[in-house]
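A.B. asks: One predicted model, sequence on top.
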Amino acid sequence: MTFFTDFQTRQDLNLLDRYSNKSVYAVFNSAKTAGASRLLEKMFNNPLTDYEAINLRSSIFKHFQEINIPFTIDAQAFSIAETYLEGGGVGILSSLVSTVRIATMKMVGVSEEYNLRVRQIQSTLKFCRQLNELVFHIISFMGENPVSKDLQNARDLLENHLKVIGFKSEKISFSKMVGYDRKFRVRMNQYLLDLVDLTHHLDLYIAVAGVSRTKGFSYALAQSADNNNLSIINCKNPLVKFAKGNNLEINRDKNVFFLTGANMAGKSTLMKSVGIAMYLAHMGFPVSADEMIFSVKDGLYTSINVSDNLAQGYSHYYAEVRRVKEVAEAVSASKKLFVIFDELFKGTNVKDAYDATLAVTEAFSKYKKCGFIISTHIIEVVEEFDNVGEHIQFFYLPTVMNGKIPTYTYNLTQGVSDDRHGMILIENEGILELLK
């Protein structure tokens, strides 16, 4: 089953920007091989919806984090070998003709292809030796683990069929070139490509485990989608240096987490922290929290940085309305979603924003299989929830005044904010003095 999300959510949470060092993808992209980076991107684009599959992947990363073995395969030699092997799958005659042709060209003074083929075979030999050593060390340290069968199969293939123990680095004669090329690109080609794929996975497992170890991340425990539970201890934003952690809990009885607080108090950062944690948890990746337990969802939607759309003639407010409609359609179709709305309806006047926030929050709260985090700057609306808000819990991020200077604790506190410091900031900046 596909995990539902969209471009807006990925943008809001800065999940997958391969060309930025400030994305969540970049946090984990420390792999040595290009194939592992592609595998990482594939996992980012395809979160899981089966709690057993999520917990299995998490357990693999956790095993590699515990043994702390480095990726010891030469990346340059591996890249050469990978390209060479991907050109395989040819027949015996084709392999022989190709080798004879480049040997003949070498005899007449054109040796580039011949030298390349020598490097390709030597690189493949080196890759096989190094992979065998890496697999041996992993098996020695890990014992029984979720990838034991794959590792044992790889070792059997390398030692008993490819016989890598006998591979040497001496100069390769023409007859040996013919033999190796036939073995690598004909008889054993698909097996070797499977080893290439295993290498990509090992590289990624080691890289992600290393990031988790260095940054002090943890592994979330996924539960059945039949529940609607989320419990996070000390959740932080992995993209914010020295981020403050907070605890948060959502369940069927209290499925709306209603957040208030002044501008700059940290509401958006907190909401992004939870959104990123939910997304990574569904990937089976480590999360920036001390502990996390969650019920698997069908999808994740956010509305944090919604902007107008001049091409389609949408104002900011209408773009917000359209976004809420998209989520409402998904929720009303019985999808189990986790939804984040930051500053609902900030693009319209206070009265309409008040009425719309009250009505939409009340309507969403009835969908007990979904979880919602909703923030607002219109704190007056909270008073109306006394009558309709049995499924709503209220938290705020406080502001502490140091004279006329607001400071922020970034600590979630139960209740509703009564902070009103907008005019103080205007006065502190001397705007009115400038206009006299």
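C.D. replies: Yep, that arrived.

A.B. asks: In terms of pLDDT, where does the spatially closest residue to residue 23 that is not a sequence neighbour sit?
C.D. replies: Nearest residue to residue 23 in three dimensions, chain neighbours excluded: residue 17, at 3.9 Å (C-beta to C-beta, 6 or more residues apart in numbering). Just so you know, the C-beta spots here come from the backbone N, C-alpha and C atoms, and that holds for glycine as well. With respect to pLDDT, residue 17 scores 78.

A.B. asks: Quick check, residue 371 in contact with residue 228.
C.D. replies: Yes: Residue 371 is in contact with residue 228 according to C-beta atoms under 8 Å; the separation is 6.2 Å.

A.B. asks: residues making contact with stretch 397-405?
C.D. replies: 259-262, 265-267, 270, 406-413, 417, 419, 421, 424, 427-428 (C-beta atoms under 8 Å, 6 or more residues apart in numbering).

A.B. asks: Can you tell me how far residue 40 is from residue 30?
C.D. replies: Here the criterion is C-beta to C-beta, to the nearest Å. By it, residue 40 lies 10 Å from residue 30.

A.B. asks: Looking at these two, which is more packed in?
C.D. replies: residue 40 (24 against 18; other C-beta atoms under 10 Å).

A.B. asks: The more buried one reaches residue 29, doesn't it?
C.D. replies: Yes: Residue 40 lies in contact with residue 29 (C-beta under 8 Å); the separation is 5.9 Å.

A.B. asks: So for these two, which residues contact both of them?
C.D. replies: What both residue 40 and residue 29 touch, as defined by C-beta under 8 Å, 6+ apart, is the set residue 207.

A.B. asks: Listing request: residues of the stretch 151-300 of the chain with sub-threshold pLDDT.
C.D. replies: 164-170 (pLDDT under 70).

A.B. asks: so where do the strands sit in it?
C.D. replies: Ranges of strands in the stretch 151-300 of the chain, per DSSP state E, counting those that start in this stretch, are 221-223, 230-235, 246-250, 256-261, 291-295, 299-303.

A.B. asks: To residue 391, which of those lies closest?
C.D. replies: strand 256-261 (5.7 Å; C-beta to C-beta).

A.B. asks: now what about that closest one, what contacts it?
C.D. replies: With contact meaning C-beta under 8 Å, 6+ apart, strand 256-261 is reached by 248, 250, 267, 270-271, 361, 364-365, 371-377, 379, 382, 385, 389, 391-399, 416-417, 419.

A.B. asks: Residue 104 sits in which helix or strand?
C.D. replies: Counting by DSSP states H and E, the element that carries residue 104 is helix 92-107.

A.B. asks: Sorry, wrong one. I was asking about residue 407.
C.D. replies: Here residue 407 sits within strand 405-408, counting by DSSP H and E.

A.B. asks: what are the pairing partners of that strand, and which direction each?
C.D. replies: Neighbouring strands of strand 405-408 in its sheet, by DSSP bridges, are strand 399-402 (antiparallel).

A.B. asks: Let me see the ranges of the helices in the stretch 201-350 of the chain.
C.D. replies: Per DSSP state H, counting those that start in this stretch, the stretch 201-350 of the chain carries helices over the ranges 267-283, 316-332, 350-365.

A.B. asks: Using CSV, lay out those together with distance to residue 184.
C.D. replies: Shown next, in CSV, are the helices of the stretch 201-350 of the chain (distance: least, C-beta to C-beta, whole Å):
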stretch, distance to residue 184
helix 267-283, 34
helix 316-332, 50
helix 350-365, 58
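
A.B. asks: Go through those helices and name the closest to residue 302.
C.D. replies: It is, among the helices of the stretch 201-350 of the chain and with distance given as C-beta to C-beta, helix 267-283, at 5.4 Å.
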